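S.K.: turn this into a structure:
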Amino acid sequence: MSSLSLGFVWLDRRSGNLPGGNQKLKEKFRKLLSPIRQFDKPNSCLDSIELSLKDKCLFFLTSDSFADEAFLKKIAAMPNIYRIYIYDQQGNNYQFDDTNLARKMGSERIIQFDEQLYKQIIVDLIKIYSKESDQAGQGKQAKELLESAVTLINTIDDKDEDLEQMENYLLTRISYLK
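M.R.: Reported below is the predicted structural model:
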């Protein structure tokens, strides 16, 4: 639906080694962004982002085992990286001084629970669709982008107040489009 070519990169030591590892979460992500490019080595991940994924707007997810500041700065410096997420099951305290990294990640993208990660990715996708809708004007394409954003919200079973407000806002915008 989006005119952007979106992609999802997941760097995790376990992604290539465990059969069925994080399978449930991967299935949910495939509904949002497909295909999921999985890596278990930072260098091969960086090479792929620079070479074969350079034309995609990427959502980047890594586990706490690869979340050192020097590596994340390299990721954040890549122009095709839209958002960076850390799946932090240890509850670490991350503080980074790099402004580019802070802009692409922010504290709301250091996630400890599957549902929280899924919700944040949806919120970030909605921002992309809304921005593209603004650029598309008042026509059919703008309406389709906003409808896609509402569909994303409806994939969440237990919507919080923020998502309810977002959905109402999008539905109001849709009602004004042709």
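
S.K.: please name the residues that touch the closest residue to residue 50 other than its chain neighbours.
M.R.: Leaving aside its sequence neighbours, residue 50 sits nearest to residue 78 (CB to CB, 6 or more residues apart in numbering; 7.0 Å). Where C-beta positions appear, they are placed from N, C-alpha and C, glycine not excepted. If you count contacts by CB atoms under 8 Å, 6 or more residues apart in numbering, residue 78 has them with 49, 50, 58.

S.K.: how about those in TSV, adding secondary structure, distance to residue 100 and pLDDT?
M.R.: Formatted as TSV, the contacts of residue 78 follow (DSSP: H, G, I helix; E, B strand; the rest coil; distance: CB to CB, whole Å; pLDDT from 0 to 100):
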residue	secondary structure	distance to residue 100	pLDDT
49	helix	15	92
50	helix	16	91
58	strand	15	93
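
S.K.: could I get the buried residue list for the longest helix anywhere in the chain?
M.R.: Longest helix in the chain, counting residues (DSSP state H): helix 114-136. For helix 114-136, the neighbour count (16 or more other CB atoms under 10 Å) marks 117-126, 128-130, 132-133, 136 as buried.

S.K.: what's the span of stretch 59-79, first residue to last?
M.R.: 12 Å (CA to CA, to the nearest Å).

S.K.: actually stretch 31-50, not the one I wrote
M.R.: So stretch 31-50: terminal residues 25 Å apart, CA to CA.

S.K.: also stretch 99-111?
M.R.: Terminal residues of stretch 99-111 are spaced 20 Å apart (CA to CA).
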